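Student: Can you look at this prediction? I've put the sequence above it.
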Amino acid sequence: MPMNGHFKVILFIESSRASGRDYLRGIARYAHLHGSWSFYWEPGGFATTHQTLKKLDMDGIMFRDVGGLKAQVLRLGVPAVVLGHRDREVRGLINVVTDSEAIGRMAAQHLLRCGFKHFAYCGLARSALEQTPWSERRLQSFRASVVQAGFKTPPVFVLAPLSDWRRTRRQLADWLLKLPRPLGLMACNDDCGAQVAEACKLAELAVPDAVGIVGVDNDEVVCGLADPAMSSVALNFERAGYQAAAALDGLMQQSNQVPHNIRVEATHVVARRSTDIVALEDEHLVKALTYIRDQARTPLTVNEVARIAGVSRRALERRFQQQMGGSILKAIRRERTDQIARLLVETDLPVARIAESLGFADAQHFARYFRAAKKVSPLAFRKAHK
């Protein structure tokens with residue numbers, strides 16, 4: 001074993017996507033804090049390396065699960081962590097996998113809050129190179145959440161990798177035109193979501209008025225290139241990278257206390273223009289929900305929301321129960337809590353500052369309010385997700 005934790009680590013992780021860069025950022029942070037690691041890294045990441053692993057001097061490896069590398073790693077028996085993307089979990093290695101169940105559920109809840117009553121899913125087909133079990137799992141979770149809310153099973157369009165994009169976009173556009181609208185659509189990742197947005201243009205379906213789109217990964221470049229900018233489920237890849245490095249460190253030091261799996265957690269939905277809509281026919285309910293969403297950073301009362309909606313509190317409560325499945329106060333607390341969660345994850349503001357900015361009387365009241373919804377304290381939530 002190398003002295004003073006000076007390990008030689010191979011990294012085959014792409015940097016062309018935000019997820020890969022975040023993984024690398026987390027790995028680097030762990031290495032800086034817990035020893036002096038030397039890295040061999042090829043920016044291509046996904047491409048099969050020109051080097052054979054047997055020729056590389058290494059103590060451990062972290063890699064995406066491309067076929068050639070996986071087979072080499074298993075033959076060599078070196079300490080390894082595989083960052084799942086293309087295949088199912090690899091036996092005998094520590095696997096980093098996304099929480100697809102939470103992702104599908106979170107996307108469904110976001111579209112349901114927007115008021116959509118018709119839903120669809122766009123996934124990625126399996127191929128010889130990519131098995132995409134994560135797309136199927138996200139679909140299953142999304143479908144279950146929609147059906148549980150009382151709506152029909154969402155239809156599915158599956159994009160074939162490496163297909164003729166012009167023909168596929170036409171097929172996707174024709175499929176979208178056959179579906180009832182307004183439609184809330186979940187894409188299995190941001191790349192698929194961007195393709196859906198292009199198909200909507202071809203079909204002359206306005207986003208978000210006719211089709212609301214939410215992707216996954218929150219790659220700001222991909223989401224920003226979509227027109228309009230695309231909402232997306234954010235995943236904590238950096239934290240997973242840190243945990244993966246810690247697990248590899250344990251393997252290289254021959255520790256028995258290492259996890260079998262590391263989960264990339266879904267933290268929240270980053271709402272952008274692609275779902276900036278309240279897709280309901282009830283104008284009073286639309287006014288109420290829009291006001292709650294727009295004013296989530298300020299203390300709100302039920303009477304205030306009813307006044308903005310232009311109906312009595314009793315009448316508005318009845319509309320909320322019938323169409324949204326909950327009370328006005330529940331909707332207020334959900335939006336406020338989501339706002340808190342975003343600030344905890346996306347900023348370094350002290351908890352007291354966040355409480356003050358959202359109009360809470362004191363940090364104690366703020367903490368009780370958040371714990372009632374999330375079942376954890378603000379600090380514990382930040383530690384788990386940031």
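Tutor: Good, I have the coordinates.
Student: Mind jotting down where the strands sit in the stretch 51-200 of the chain?
Tutor: With DSSP state E, counting those that start in this stretch as the criterion, the stretch 51-200 of the chain has strands at 60-64, 80-83, 94-98, 118-124, 156-159, 183-187.
Student: Which residues are in contact with the residue nearest to residue 303 when sequence neighbours are not counted?
Tutor: Using Cβ to Cβ, 6 or more residues apart in numbering and skipping residues adjacent in sequence, the residue nearest residue 303 is residue 313, 6.0 Å away. Where you see a C-beta, it was placed from the backbone N, CA and C, and this is true even at glycine. Residue 313 makes contacts with 302, 303, 306, 328, as judged by Cβ atoms under 8 Å, 6 or more residues apart in numbering.
Student: same check, this time on residue 227
Tutor: 197, 201.
Student: Confirm that it sits in a helix.
Tutor: No. Going by DSSP: H, G, I helix; E, B strand; the rest coil, the assignment for residue 227 is coil, not a helix.
Student: can you map out the helices along the stretch 1-150 of the chain?
Tutor: 18-34, 67-76, 100-113, 133-148 (DSSP state H, counting those that start in this stretch).
Student: so what pLDDT did the residue nearest to residue 303 get?
Tutor: Turning to residue 313, the model gives it a pLDDT of 94.
Student: same question for stretch 71-89, mean pLDDT?
Tutor: 79.
Student: surely residue 102 meets residue 264?
Tutor: No. With contact defined as Cβ atoms under 8 Å, residue 102 does not reach residue 264; the gap is 9.8 Å.
Student: who has more neighbours, these two?
Tutor: residue 264 (27 against 18; other Cβ atoms under 10 Å).
Student: Now the more buried one: phi and psi?
Tutor: When read as degrees, to the nearest 10, the backbone of residue 264 gives phi -80, psi 110.
Student: contacting residues for it?
Tutor: Contacts of residue 264 (Cβ under 8 Å, 6+ apart): 96, 97, 98, 99, 235, 236, 237, 240.
Student: same thing with residue 370?
Tutor: Neighbouring residues of residue 370 by Cβ under 8 Å, 6+ apart: 337, 340, 377, 378, 381.
Student: The contacts of residue 264 into CSV, with extra columns for distance to residue 33 and neighbour count?
Tutor: Listed next are these as CSV, based on distance: Cβ to Cβ, whole Å; neighbours: other Cβ atoms under 10 Å:
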residue, distance to residue 33, neighbour count
96, 19, 26
97, 24, 19
98, 25, 26
99, 25, 20
235, 22, 24
236, 18, 23
237, 18, 26
240, 16, 24
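Student: Need the max-distance pair from those.
Tutor: Greatest spatial distance among the contacts of residue 264 (Cβ to Cβ): 97 and 236, at 13.0 Å.
Student: Tally up the residues packed near the residue lying closest to residue 371 once chain neighbours are set aside, please.
Tutor: Ranked by Cβ to Cβ, 6+ apart and with sequence neighbours excluded, the top spatial neighbour of residue 371 is residue 377, at 5.7 Å. Using other Cβ under 10 Å, residue 377 has 14 other residues around it.
Student: Please tell me how far residue 377 sits from residue 97.
Tutor: 27 Å (Cβ to Cβ, to the nearest Å).
Student: So residue 121 sits against residue 140, correct?
Tutor: No. The criterion here is Cβ under 8 Å, and residue 121 misses it with residue 140 at 9.8 Å.
Student: who has more neighbours, those two?
Tutor: The residue with more neighbours, out of residue 121 and residue 140, is residue 121; 25 against 14, by other Cβ under 10 Å.
Student: and stretch 123-140, which residues are buried?
Tutor: 123, 124, 126, 130, 132, 133, 134, 135, 136, 137, 138, 139 (16 or more other Cβ atoms under 10 Å).
Student: quick one: least confident of the residues you listed?
Tutor: For the buried residues of stretch 123-140, the pLDDT minimum is residue 130, 53.
Student: who touches the helix ranked longest in the chain?
Tutor: Using DSSP state H, we find that the single longest helix of the chain is helix 328-346. By Cβ under 8 Å, 6+ apart, the surrounding residues in contact with helix 328-346 are 113, 234, 236, 267-270, 288-289, 292-293, 296-297, 300, 302, 305-306, 313, 316-317, 320, 324, 349, 351, 354, 357-358, 366, 369-370, 372-374, 378, 381-382, 385-386.
Student: again, only this time at 7 Å
Tutor: 267-268, 289, 292-293, 296-297, 300, 302, 305, 316-317, 320, 324, 349, 354, 358, 370, 373-374, 378, 381-382, 385-386 (Cβ atoms under 7 Å, 6 or more residues apart in numbering).
Student: Also stretch 144-151?
Tutor: 104, 105, 108, 109, 112, 117, 119, 153, 154.
Student: cutoff 10 Å now
Tutor: Contacts to stretch 144-151, defined as Cβ atoms under 10 Å, 6 or more residues apart in numbering, come from residues 101, 104-109, 111-112, 116-121, 152-154, 184, 186, 325.
Student: how's the chain carved up into domains?
Tutor: Domain segmentation of the chain under automatic domain parsing yields 3-98+236-267, 100-234+269-275, 283-385.
Student: start to end distance for the last one?
Tutor: Criterion Cα to Cα, to the nearest Å; first-to-last residue distance in domain 283-385 is 37 Å.
Student: picking that back up, name the stretch among the strands of the stretch 51-200 of the chain that sits most buried.
Tutor: strand 183-187 (a mean of 29; mean count of other Cβ atoms under 10 Å).
Student: Using CSV, write down the CA coordinates of that one.
Tutor: Below are the C-alpha coordinates for strand 183-187, written out as CSV (Å, rounded to 0.1, in the frame of the first residue of the first chain):
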residue,chain,number,x,y,z
LEU,A,183,-49.8,18.0,-22.1
GLY,A,184,-47.3,17.6,-19.4
LEU,A,185,-44.3,15.6,-20.7
MET,A,186,-41.4,14.1,-18.8
ALA,A,187,-38.2,13.4,-20.8
